Every structure is written in structure tokens, then in C-alpha cells.
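Visitor: Return atomic coordinates for the entry below.
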Amino acid sequence: MATKVYVYLYDLSNGMMAAMSPSMLGTYLPALYHTSIVVHGKEYFFGGGIQKATPETTNAGRPIERLELGETEIPEFMLEAYLEDLHNKFNVQSYHLLDNNCNHFSEELAQFLVGKSIPDKVKNLPGQFLSTPLGMMMAPMIDSFFSSIGGDAAPV
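Guide: You can find the predicted model right below:
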């Protein structure tokens, strides 16, 4: 039986990115996106390891968008086995704010479940930030920070 698959988009800045990015970055960024995948009545996300929760009960607050990605025929037990296999790629030590975060996890899970991507506006955000003068200046500091702590600083 087919099950609907959703990507939930959250704004961890609560609107501050949209308000402040033009003056601070010189370009408009709509949100500081956190994403999760909702399927089989559970919300799956990456933050301090692969997590699951009742939809809309995570520390990220309430989603700003709920987008249907399609339907999957993959049963829950197979999904759980797949998530176990992803543990080496998405764990506390592997988290990186720009290179391996919740959005990378959601993209991989969306591809597995329905063969579709999460929205480009989410996937492109790190590149947009890094293309700004402030982003270019901060990139080495961000890399150094996540290298020194082993990724143990997921915001959600």
C-alpha cells in the first residue's frame, strides 16, 4: 500500500534570516532551513544523529511549509533498515553546518523513498551563503569549528 511522503521545512531563524540577510550578506536569503521527512506517521530528521518523532513535535517548532513529495511503496521495516545503513554517513561526529546537515539527510531520504529532491531553495542555501563576502570569510572558521568538535553541534 502506498504511503504519502512529505518534506517539512522549518525556519530556525524565525524570520530573522529574511529580515537581516540583505543588510548583513548583501543578498536575500528567505530562511535558515531545517528539513525533515514525514512518512509512515513519523518525522525523520538529522540532528545529533538520525532522529524520529511524532510529526511537528521536534525542537524545530512548527513547519513553515509542508510539501508532498509523492508516494512510496517502501514499507516501514525496510525504511528502518535503510536508516541503520545511513548511520555511518549521518551521525553526531559527521554533522557539518554546511556540508552534511539535516537538509543533506532529507535529500538522501527523499531520493530513496520517492526518487525526488527536496526544494532547490533549501539545497542551494549553503552555496548562496558561501558566495557572499561574509560567507567566504566565515567558511574557514565554520570548517575549523566542525573539524575540532567532530560535528557535535547540530542545532536541532
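
Visitor: Residue ranges in the chain under the pLDDT threshold?
Guide: 149-156 (pLDDT under 70).

Visitor: which residue ranges form the strands in it?
Guide: Ranges of strands within the chain are 3-11, 33-39, 42-46, 50-53, 65-72, based on DSSP state E.

Visitor: Give me the angle between the last one and strand 33-39.
Guide: Here strand 65-72 points in a direction 40 degrees away from that of strand 33-39 (axes from the mean of the first three to the mean of the last three C-alpha atoms, to 10 degrees).

Visitor: Which stretch among the strands of the chain is buried most, on average?
Guide: Of all those, strand 33-39 has the most neighbours on average by mean count of other C-beta atoms under 10 Å, namely a mean of 26. Placement of C-beta: from N, CA and C, glycine included.

Visitor: And it, how far out from the chain middle?
Guide: Computed by C-alpha atoms, centre = their mean, to the nearest Å, the chain-centroid distance of strand 33-39 equals 6 Å.

Visitor: what do you get for stretch 61-81?
Guide: 13 Å.

Visitor: Equivalent analysis for stretch 42-62, please.
Guide: On the basis of C-alpha atoms, centre = their mean, stretch 42-62 sits 10 Å off its chain's mean C-alpha point.

Visitor: So for M136, which of the strands of the chain sits nearest?
Guide: Of all those, strand 33-39 sits nearest to M136, with 20.5 Å by C-beta to C-beta.

Visitor: want to throw the strands of the chain into JSON lines with distance to E80?
Guide: As requested, these are exported to JSON lines (distance: least, C-beta to C-beta, whole Å):
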{"stretch": "strand 3-11", "distance to E80": "14"}
{"stretch": "strand 33-39", "distance to E80": "11"}
{"stretch": "strand 42-46", "distance to E80": "10"}
{"stretch": "strand 50-53", "distance to E80": "9"}
{"stretch": "strand 65-72", "distance to E80": "13"}
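
Visitor: Out of these, which gets nearest to D99?
Guide: Using C-beta to C-beta, the nearest of these to D99 is strand 42-46, at 12.5 Å.

Visitor: Which neighbouring elements make contact with the closest one?
Guide: If you count contacts as 3 or more C-beta pairs under 8 Å, 6 or more residues apart in numbering; DSSP states H and E, strand 42-46 packs onto strand 33-39, strand 50-53, helix 102-114.

Visitor: a markdown table for the ones you listed, including distance to G26?
Guide: Below are the helices and strands packed on strand 42-46 laid out as a markdown table (distance: least, C-beta to C-beta, whole Å):
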| stretch | distance to G26 |
| --- | --- |
| strand 33-39 | 20 |
| strand 50-53 | 35 |
| helix 102-114 | 23 |
